[in-house]
Each structure stands twice: as structure tokens, then as C-alpha cells.
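>>> Provided below for reference: sequence and predicted model.
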Amino acid sequence: MRRERKTAWTCIPWMLCSAIVIVFAHGLQAQSGDDTPVLLTDFRHPEYGAHSSDIPEVMIYGKKAKTVGIMTHLEELRLEWFDGALDKVKATVTTPTGIYDRSTKIIKGDDVINMKSGKMTVDGVGFVADSQKKTIQVLSNVRVVLTGDLDSEERKKPRKENN
């Protein structure tokens, strides 16, 4: 009985097949798990409301973003609320970091926050913003400065004199 001697060339197909299976299985594991972080730069996410599917009500920006499951951790976070058009920004919020929960549409942060709108600026520490309810709550050290013309449109109308 003659015994054949195995050479490296006869083992190569088995090694190649094994390597392909290992790489393929690793790729499936990385794609199927929601806990695999996705790193992004210059993150931008629109939130549309019931009124328009063309113009977002809120835009969420981040210089860097790390998404894990439904949570997105943002650096240099900026929120912009729009008034019917992208060039009509009603309010802007900036903060060093924040977390966006895609399931609840709520953005939270613990850092210093600055909010500017046409008639006020708000500074504080920590916030919870609900893009669906269009609300923002500043949690502590709140300072509000009212700016601009604060009279209502009713008060601006000329009053009729009684004769």
C-alpha cells in the first residue's frame, strides 16, 4: 500500500475555503448586530413633521457621530428649527455633546447649551429636546435674555380714537 505524501499545494484549497468562511461569517456578524458602532463625520439628520414631507421641522447636526443601535452620540451638536423653509431658521441650539434617540426622537445632553432665536437667547447646562413636540427644556443654570422687538402685533396696530 502506497501512501501519498501531502504537499502544501494540496492543502491550499482547504485553507482558502476556511479563510473565506471565516471572513464571510465575521462580516455577517458585524452586519447583523445592532450594537456594532457606526462612526460618521459631518452628521446631518432631518426630522419631518406632519405638515410637510419636503421641509424638515428640525435638522440635527454633529461634527462627529457614533451610532450604536437606536442611539446616536454626537459631538459639536447643533439643532435648527425651521419656519417652513430651510433659509428661515426659527431657533438654533448648540452644545458640545448630546445623544439622539431615534426611536423617541428626543435629544439629550448634560453639557453647556446655548439657544438663539429671533427674540431671545438662552444659556444653561443640560437639556432635553423633543423634536416631535417642538419643545426644549434647559435643566439648570438657566439664563434668558430677551432681545429685539417684544411687542405683539396687536399692540403695534394704531389705536382708533373714540370721537
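Looks like it came in fine.

>>> where's the residue nearest the centre of the chain, which helix or strand?
Taking Cα atoms, centre = their mean, the centroid of the chain lies closest to Ile60, which sits 4.5 Å from it. Ile60 is part of strand 58-68, with elements assigned from DSSP states H and E.

>>> ok, residues contacting stretch 73-84?
43, 52, 55-67, 88-100, 107, 109, 129, 134 (Cβ atoms under 8 Å, 6 or more residues apart in numbering). (Glycine included, C-beta is placed from N, CA and C.)

>>> centre of the chain versus that stretch, how much separation?
7 Å (Cα atoms, centre = their mean, to the nearest Å).

>>> Which positions within that stretch qualify as buried?
73-74, 76-82 (16 or more other Cβ atoms under 10 Å).

>>> Same question for stretch 124-132.
124, 126-127, 129, 131.

>>> show me where the chain has helices.
Secondary structure of the chain (DSSP state H): helices located at 8-32, 153-156.

>>> need the least confident one among those helices, by mean pLDDT.
Mean pLDDT is lowest for helix 8-32 among these, at a mean of 48.

>>> Gly148: neighbour count?
9 (other Cβ atoms under 10 Å).

>>> can you pull the contacts of it?
By Cβ under 8 Å, 6+ apart, the neighbours of Gly148 are 118-119.

>>> Please renumber the chain so that the first residue is 54 from this point on.
Done: numbering now begins at 54, and the last item shifts to Gly201.
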